[in-house]
Structures are given as structure tokens and as C-alpha cells.
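Novice: Sequence and predicted model, in that order:
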Amino acid sequence: MLEHLTKESFKTKVFNFEKNKDWKYEGSLPCLIDFYADWCGPCKMVTPVLEELQKEYEGKLVIYKINTEEEQELAGVFGIRSIPSLLFVPKDGQPQMAQGALPKESFVQAIKDILGVEKSS
């Protein structure tokens, strides 16, 4: 099951935007954040892919979900205009945003390229 973040849990696990002006990742593992809404068809297609990835990268990567309807402030902080929007957050360095329902291969490539994480073999 993917963990859903609220504004409060986001501030402790990802980025405390009320305290820090500059990006400072609070987590110990790279993460991927899915900004979604319950009514969004493409978002529903992405969820099973993310659940598979969560199992395949267990212990190397954390995957979170943020409901943009319930957490409008968080969506605003990241300027989310279309969903699904996926934020790839490396342990060090700047996060990168991707938009749309990506195929699994694209996730695997982005996790490798942006987050520097390889699948367990």
C-alpha cells in the first residue's frame, strides 16, 4: 500500500516549505511522489504501476501519493496544473517533475537516471 501524505507528514518526510526557503529533502531514501485525484482516469492507471515499483525497489526508494483535492496547498507549492504529476526526489540534488501517466519502463528509467537507484536483481 502506498503511503498518502498530508501537509504535516509532507513537511517531516519530504520538505518543510514553511521553515526552509531552499530545497532540503528530509527523507533518508530517494522518493517518488504521485500528485493525483480520485476522479482522474490516468491517475488510476498509474497506481498499480507504482505499487509494483514499491515492491521492486523496497528498501531503496519510497513512493508517496498526494491527493490534490485534499491537499490543495501542497499542489500549489509545486504548481501542479495537470495530473498525474510525478515528482522524482533524489536524496541529494533538486527534484524533477514529470507529467502524465508514464509506462512502467519510463518510471524505471527515470528512477535510474534522476534518483540513481537500480532495481534489486
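Specialist: That came through, no problem. These numbers come from a predicted model, not from an experiment. Numbers count the residues shown, from 1 in each chain.
Novice: element containing residue 42?
Specialist: For residue 42, the host element (DSSP states H and E) is helix 41-56.
Novice: Quick check: next helix or strand after that helix?
Specialist: Assignment by DSSP H and E places the next element after helix 41-56 at strand 62-67.
Novice: ok and that next one relative to helix 41-56, angle-wise?
Specialist: Using axes from the mean of the first three to the mean of the last three Cα atoms, to 10 degrees, the direction of strand 62-67 lies 160 degrees away from that of helix 41-56.
Novice: who's in contact with strand 62-67?
Specialist: For strand 62-67, contacts defined as Cβ atoms under 8 Å, 6 or more residues apart in numbering pick out 2-5, 10, 13-14, 27, 29-38, 47, 50, 53-54, 57, 74-75. In this view, the C-beta of every residue, glycine as well, is placed from N, C-alpha and C.
Novice: that older thread, from the rest of the structure, what touches the helix holding residue 42?
Specialist: The contact list for helix 41-56 (Cβ under 8 Å, 6+ apart) reads 1-2, 32, 34, 36-37, 61, 63, 65, 83-84, 86, 100-104, 107-108, 111, 119-120.
Novice: need the helices for the protein, in chain order.
Specialist: Along the chain, counting by DSSP state H, helices occupy 7-13, 41-56, 72-77, 104-115.
Novice: Check the gap between the spatially most central residue of the chain and residue 54 for me.
Specialist: Central residue of the chain (Cα atoms, centre = their mean): residue 33, 1.0 Å from the mean position. Distance, residue 33 to residue 54, by Cβ to Cβ, to the nearest Å: 13 Å.
Novice: cool, and residue 108?
Specialist: 13 Å.
Novice: how much space between residue 13 and residue 85?
Specialist: Distance, residue 13 to residue 85, by Cβ to Cβ: 18 Å.
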